[in-house]
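prediction below, plus the sequence it came from.
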Amino acid sequence: MQTRRIGAVQVSAIGLGGMPMSIEGRPDEARSIATIHAALDAGVTFIDTADAYHLLAGEVGHNESLIAKALDSHPAGSEVLVATKGGHLRPGDGSWTQNGRPEYLKEACEASLKRLGVEAIGLYQFHRPDPAVPYAESVGAIAELLDEGKIRMAGVSNANPEQIRQANEILGGRLVSVQNQFSPAFLSSKPELDLCDELGIAFLPWSPLGGITNADRLGSSHSAFAQVAQAHGVSPQQVCLAWMLALSPVVIPIPGSSRPATIQDSAAATDLTLTAEEIALLSA
């Protein structure tokens, strides 16, 4: 398994996105834990979650608790960097809302600490800008959590280039990650990827395969990925992740998974080498 860096921490070049194990259509707990264990067995040492990854109103932090349980029951669990997020909420009716108030973010962080069972969160990210709260105030709360030792590293999610630069300034140059949507069907975060490459900040594409409902159709939706996959005898999804890794050394895709087989396939993307011609074809 290739490795890459988030801040000073070396992690696997492919991470695991935990969201599919906790929202609509989620599997039972046994299969979810088997999926997380399969990821660790494949060499994955980076897992992404959030307090908002849950289905019902009364189960905030479902995914965080699930991941904590799975890591606690695996020999390699202590070697995993867990990234979680605060500031995005699910009321339980299928909708999403924001709360970027500093006092709320600090409360959310405290709750995540308890669910994850750690003294300090490895990577904590401001989940999504709240239009009702100045961005500087929200990121300022993240900076305070960093200064207080509640979190070891800080990141932002769903941010534009201006917000990335602002966050890095507020954090005193300590911004280590940006988590934005990026996939063959969603390339509008390329400016953010390029900025992260320039600044040496990890870029974590969420829904890199097109999202839960579209990942299976990646090859039929984007014929170039199917073409390259056939040439290598691998899945279009594996080609997609290898292509992202080839775009920049700061890219660490976090494909969501709810089955052992899919995360095993994703993890194998780090062993797939694409030619310059193939990368150009896929990028077109």
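Arrived safely, thanks for sending. Numbers count the residues shown, from 1 in each chain.

which residues in the stretch 1-150 of the chain form strands?
3-6, 9-12, 16-17, 46-48, 81-86, 88-89, 97-98, 123-126 (DSSP state E, counting those that start in this stretch).

I should have written the stretch 151-284 of the chain there, sorry.
154-157, 175-179, 202-203.

same list, those, but as a markdown table with mean pLDDT and mean neighbour count please.
Heads up, the C-betas are built off the backbone N, CA and C, glycines and all. Output for the strands of the stretch 151-284 of the chain, formatted as a markdown table (pLDDT from 0 to 100; neighbours: other CB atoms under 10 Å):
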| stretch | mean pLDDT | mean neighbour count |
| --- | --- | --- |
| strand 154-157 | 98 | 26 |
| strand 175-179 | 98 | 26 |
| strand 202-203 | 99 | 26 |
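
same list (these) but as a markdown table, adding distance to Q264.
Formatted as a markdown table, those follow (distance: least, CB to CB, whole Å):
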| stretch | distance to Q264 |
| --- | --- |
| strand 154-157 | 26 |
| strand 175-179 | 23 |
| strand 202-203 | 23 |
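
out of the ones you listed, which gets nearest to L116?
strand 154-157 (15.9 Å; CB to CB).

for that closest one, packing partners?
Strand 154-157 is packed against strand 123-126, helix 135-147, helix 161-170, strand 175-179, with contacts defined by 3 or more CB pairs under 8 Å, 6 or more residues apart in numbering; DSSP states H and E.

which one is R90 nearest to, not counting chain neighbours?
A52 (5.1 Å; CB to CB, 6 or more residues apart in numbering).

so which of the helices and strands packed on strand 154-157 comes closest to G61?
Closest to G61 of the helices and strands packed on strand 154-157, according to CB to CB: strand 123-126, at 13.6 Å.

dump the strands of the stretch 1-150 of the chain to CSV, plus mean neighbour count.
Listed next are the strands of the stretch 1-150 of the chain as CSV, based on neighbours: other CB atoms under 10 Å:
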stretch, mean neighbour count
strand 3-6, 18
strand 9-12, 19
strand 16-17, 28
strand 46-48, 27
strand 81-86, 26
strand 88-89, 22
strand 97-98, 16
strand 123-126, 26
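
which one of these lies closest to S32?
Nearest to S32, of all the strands of the stretch 1-150 of the chain, is strand 16-17, at 11.0 Å by CB to CB.

and the contacts of the closest one?
35-36, 39, 44, 46-48, 206-207, 254-257, 263 (CB atoms under 8 Å, 6 or more residues apart in numbering).

show me how far that strand is from its chain's centre.
6 Å (CA atoms, centre = their mean, to the nearest Å).

equivalent analysis for stretch 203-220, please.
With CA atoms, centre = their mean, you get 13 Å for stretch 203-220.

with just CA atoms, put that stretch into PDB.
Provided in PDB are the C-alpha atoms of stretch 203-220 (Å, rounded to 0.1, in the frame of the first residue of the first chain):
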ATOM      1  CA  PHE A 203      -6.700  17.100  -0.600                       C
ATOM      2  CA  LEU A 204      -9.300  14.400   0.300                       C
ATOM      3  CA  PRO A 205     -11.900  13.800  -2.400                       C
ATOM      4  CA  TRP A 206     -15.200  12.800  -1.000                       C
ATOM      5  CA  SER A 207     -17.500  10.700  -3.200                       C
ATOM      6  CA  PRO A 208     -14.500  10.000  -5.600                       C
ATOM      7  CA  LEU A 209     -16.400   7.300  -7.400                       C
ATOM      8  CA  GLY A 210     -19.500   9.500  -7.900                       C
ATOM      9  CA  GLY A 211     -21.400   8.800  -4.700                       C
ATOM     10  CA  ILE A 212     -23.300   5.800  -3.200                       C
ATOM     11  CA  THR A 213     -25.900   5.500  -6.000                       C
ATOM     12  CA  ASN A 214     -23.600   6.200  -8.900                       C
ATOM     13  CA  ALA A 215     -20.300   4.300  -8.100                       C
ATOM     14  CA  ASP A 216     -21.500   1.000  -9.700                       C
ATOM     15  CA  ARG A 217     -22.200   2.900 -12.900                       C
ATOM     16  CA  LEU A 218     -18.900   4.700 -13.200                       C
ATOM     17  CA  GLY A 219     -17.700   2.600 -16.100                       C
ATOM     18  CA  SER A 220     -20.900   3.000 -18.100                       C
END
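
which parts of that stretch are buried?
Neighbour counts using 16 or more other CB atoms under 10 Å place 203-212, 215, 218-219 of stretch 203-220 among the buried residues.
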